[in-house]
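[1] build me a model from this:
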Amino acid sequence: MNVLVIGGGGREHALVWKISQSPLVEKIFCAPGNAGIAELAQCVDFKVDDIEGLLAFAQEQQIGLTVVGPELPLTLGLVDRFREAGLTVFGADKKAAQIEGSKSFSKDLMAKYGVPTAAYGTFTDPEQAKDFIREQGAPIVVKADGLAAGKGVIVAQTEAEAIAAVEDILCEGAFGAAGSRVVIEEFLEGEEASFLAFTDGENIVSLASSQDHKPALDGDTGPNTGGMGAYSPAPVVTDAIHQQILEKVLKPTIAGMAAEGCDYSSIIYAGLMIKDGELKVLEFNARFGDPETQPLLARLKSDIVPVLLACAKGDLSGIELEWHDKAAVCVVMAAGGYPGAYEKGQVIEGLEAAAAIDDLTVFHAGTVEKDGKVVTAGGRVLGVTGLGSTVAEAIETAYKGVKAISWPEVHYRSDIGRKALNR
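    Sure thing, here's the model as predicted:
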């Protein structure tokens, strides 16, 4: 079977890496891919939102399974278009992708179906939004309603900071059309976790627990990013919390989506805040997390292709996942300045040395090959992923890889996984 993976980041490299291990797969294409993906798949030069171009390519190459990585093509209806053409495609359709594409849709859904989440208000009028902030006080969270590549969330410590965020989003257009509305939420304290599960709209097959690190700097300080690292398993997700997630979050959400005419058959990602054994949902994503996918797939023992096919065909009955006992830690190496302005085209040194380290995989995110060398081409450049019998060992392996790799002004956090050690 020929497989097409859509996307070009670290998540897609991890998906291609795992799919390439399946005996069911003959050839993998990736659009647009990156320098690391090119070692495992044929990269084809399509933008992820070129739905008609991708469809024509998939038909021409007799693609047996298309796997959609990023959120943008999901919200634009790529899955709907491929299904109309009779192709097998893994991903949420346009209606279902609203759970990520519109934070107000997601919050209203949770409120209607009793899913625990932060109190909130939705606004298009900046003055009403500012009044709400003054009523609620700070700290408070301001979110652009639409897709903003993981950067549309401002955790404001003061009212002035929150009001400035509203002005940036609603008045200055900091996030374009994604910021035509804002969702303003109460600030939640606790420890974050990511929980991903496959669903066919009825059956739920959970992945292992994981934890992302959104802020740019050590100690969870600095601006929010698309994610600076992740690890799995996350000890904050105890067996009791796991059961709560299934009963209080995933089951009512998936049933609620069906009741709203949004049949959900794909992966669903719940970003959670956990405190004193109770949880609330921060956000939902309609796709694999990035960088959570890297450590999760490094730990997955099962062949992923039958799972993706079962999900794409809407029947997960009988599917179970097997996991390696080892822990995995992914440290994101980013361009200096990320998530703000950064330089591209820096030559990356040390990739061969890192490749020689046992239990280490370097997933490429923002890279291209130029004149025979791998150079930086994005904000998040690499996801250096280490395995170990414990989280502590996996951290050691990952940072051994990080220290082997360099380019000018490289930036990474030095505390990925530390919360697990504190437990």
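
[2] got a pLDDT number for the residue nearest the centre of the chain?
    In the chain, the centroid-proximal residue (CA atoms, centre = their mean) is Gly289; its distance is 2.0 Å. We have a pLDDT of 95 for Gly289.

[3] how close does it sit to Ala164?
    Look at Gly289 and Ala164: by CB to CB, to the nearest Å, they are 29 Å apart. For the C-beta atoms, the positions are set from N, CA and C on the backbone; glycine is no exception.

[4] repeat for Glu26
    For Glu26, the distance to Ala164 - CB to CB - is 54 Å.

[5] when the two are compared, which one has more neighbours?
    Ranked by neighbour count (other CB atoms under 10 Å), Glu26 and Ala164 place Ala164 first, with 15 against 9.

[6] hang on, the more buried one in a helix?
    Yes - under DSSP: H, G, I helix; E, B strand; the rest coil, Ala164 falls within a helix.

[7] quick one: contacts for it?
    Ala156 (CB atoms under 8 Å, 6 or more residues apart in numbering).

[8] with Glu52 instead?
    Contacts of Glu52 by CB under 8 Å, 6+ apart are Arg81.

[9] which element, helix or strand, includes it?
    helix 51-60 (DSSP states H and E).

[10] after that helix, next one along is what?
    Next element after helix 51-60 (DSSP H and E): strand 63-68.

[11] now that following strand: average pLDDT?
    According to the model, strand 63-68 has a mean pLDDT of 98.

[12] again with stretch 46-57
    pLDDT averaged over stretch 46-57 gives 98.

[13] going by neighbour count, which residues in that stretch are buried?
    Neighbour-count burial for stretch 46-57 flags Phe46, Val48, Asp50, Ile51, Leu54, Leu55, Phe57 (criterion: 16 or more other CB atoms under 10 Å).

[14] and those residues as TSV, adding distance to Leu76?
    Putting these into TSV (distance: CB to CB, whole Å) gives the following:
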residue	distance to Leu76
Phe46	13
Val48	9
Asp50	10
Ile51	6
Leu54	11
Leu55	12
Phe57	16
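
[15] for the residues you listed, which one is nearest Ser266?
    Checking those against Ser266 with CB to CB, the nearest one is Val48 at 16.2 Å.

[16] what kind of secondary structure is that closest one in?
    Per three-state DSSP, Val48 ends up coil.

[17] out of everything not next to it in sequence, what's closest to it?
    Nearest non-adjacent residue to Val48, counting by CB to CB, 6 or more residues apart in numbering: Pro73, 5.0 Å away.

[18] same question, Gly388
    Spatial nearest neighbour of Gly388, excluding adjacent residues (CB to CB, 6+ apart): Ala394 at 3.6 Å.

[19] check what pLDDT the residue nearest to Val48 gets.
    pLDDT, Pro73: 97.

[20] likewise for Gly150?
    In this model, Gly150 carries a pLDDT of 66.

[21] now the helices for the stretch 251-400 of the chain?
    Taking DSSP state H, counting those that start in this stretch, the helices of the stretch 251-400 of the chain run over residues 251-259, 293-299, 304-312, 351-355, 391-404.

[22] which outside residues touch the third one?
    Applying CB under 8 Å, 6+ apart, the contact partners of helix 304-312 are 1, 3, 15, 18-19, 22, 24-25, 65, 67, 88-90, 198-200, 205, 265-267, 297, 316, 319, 321.
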